[in-house]
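>>> Got a sequence here, can you build the structure:
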Amino acid sequence: MADFDDLPPGLDPRPRDPSEPAPTIVAVTPVRYPQIAERVLRAGAFLGPPAESDAVVWTDPDDPEGFAEVLAGSPARWVQLPFAGIDSFASRGLLDAGRTWTSAKGIYGPAVAEHALTMVLAIARCLPQYIRLRGAAPRDEVGPRRLTGQKVLIVGAGGIGRALIRLLEPHEPEILAVNRSGNAVPGASSTVPMAALPELVGQVDWVVLALPLTPETHHLFGEAMFQAMSRQAWLVNVARGGIVDTPALVEALRGRQIAGAALDVTDPEPLPDDHPLWGFDNVLITPHVANTWDMALADLAARVERNVIAFMNGQPLEGIVDVGLGY
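I've put the predicted structure just below:
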């Protein structure tokens, strides 16, 4: 784990005038992305070690143990997390109620929505099958179809879901949404609360998962949900692998209870080479690349700058995490 002494040249903490009011100190750790440290300085804060910081910007989503070590020695009142999904931190009990927590939710929505749309269009146009063909397509098989008039159910209407709705609209499907409250989502023909999901999944052609992984959504899609789905429906998961009960999905595919699955996330992740999901011709798998650091880093750095400014001025922060809900 990088520490404060690893700051790149030119990003050393600015000198402090002891006659001035106490500055706001922000720790950016591990120091891998100088763009984020630059934005902290641009916002008017000082860079400092976690042990002396008012805020911590954590940049490693894959090291919850290192994160716990940093927090244990830091008085930081606000912590910025690097991803929208915070399950790896929340599941270890690291999100205490004594601090303000923000995540990157909303930042990754457009990129992940693009990937979801790409998967849907690839399946609708039979690209996984056709790219392996040499010659004419068989005429006796179900061929490509348009999305116009099809029903797309988006489970989780946050940043990803709303961005996907905007991308789907020109293709003219009927869009339905599921969220916790059932409050209307712009662009959806209807919105229902999560409790109504089992009744709705059997009425649609596409089920897109775009919701956070929490104790309540863990294995939300299991045997009962797959049995409720239409045999013509595809499952698209760009959220978290743990939302789907993988053994139940395998059995649903074997039994042709659903048409197929497109997965950017899996459980386990990555899938072992001998996992049965690799053996299905109606499963499209990508290696958790719906969003990458290269795509999101500029937006994350900009959010950090805005949040540092808001933090110093006592204003609301973007991407506030509800510790009780886990997202």
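
>>> for the lowest-mean-pLDDT helix or strand in the chain, which positions count as buried?
None of the helices or strands of the chain scores lower by mean pLDDT, DSSP states H and E than helix 87-90, at a mean of 77. By neighbour count with 16 or more other Cβ atoms under 10 Å, helix 87-90 contains the buried residues 87-90. C-betas here are computed from N, CA, C, even on glycine.

>>> any idea where the strands of the stretch 151-300 of the chain begin and end?
Per DSSP state E, counting those that start in this stretch, the stretch 151-300 of the chain carries strands over the ranges 151-155, 174-179, 190-193, 206-209, 234-237, 260-263, 283-285.

>>> Counting neighbours, what do you get for W293?
For W293, the neighbour count with other Cβ atoms under 10 Å is 12.

>>> Make 57 the first number, not 1, from now on.
Sure thing, new numbering starts at 57, so read that last one as W349.

>>> ok, and what's touching stretch 375-383?
By Cβ atoms under 8 Å, 6 or more residues apart in numbering, the residues outside stretch 375-383 that reach it are 136-137, 140-143, 146, 151-153, 156-163, 268, 270-271, 359, 363.

>>> re earlier: could you dump the strands of the stretch 207-356 of the chain to a markdown table with distance to P120, mean neighbour count and mean pLDDT?
Output for the strands of the stretch 207-356 of the chain, formatted as a markdown table (distance: least, Cβ to Cβ, whole Å; neighbours: other Cβ atoms under 10 Å; pLDDT from 0 to 100):
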| stretch | distance to P120 | mean neighbour count | mean pLDDT |
| --- | --- | --- | --- |
| strand 207-211 | 26 | 25 | 98 |
| strand 230-235 | 28 | 24 | 97 |
| strand 246-249 | 32 | 16 | 96 |
| strand 262-265 | 23 | 28 | 98 |
| strand 290-293 | 23 | 26 | 98 |
| strand 316-319 | 24 | 24 | 98 |
| strand 339-341 | 25 | 18 | 97 |
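
>>> ok, which stretches of the chain are helices?
Secondary structure of the chain (DSSP state H): helices at 90-98, 120-128, 143-146, 165-180, 183-186, 215-224, 253-256, 279-284, 302-310, 349-368.

>>> Least reliable of those by average pLDDT, please.
Lowest mean pLDDT within the helices of the chain: helix 143-146, a mean of 77.

>>> Show me what that one is packed up against.
The helices and strands touching helix 143-146, judged by 3 or more Cβ pairs under 8 Å, 6 or more residues apart in numbering; DSSP states H and E, are helix 120-128.

>>> Enumerate the positions of the helix it packs on that are buried.
Neighbour counts over helix 120-128 (16+ other Cβ under 10 Å) mark 120, 123, 126-127 as buried.

>>> Spell out which residues make up each domain of this protein.
What automatic domain parsing lists as the domains of the chain is 60-162+349-368, 165-341.

>>> Would you mind measuring from E108 to E272?
38 Å (Cβ to Cβ, to the nearest Å).
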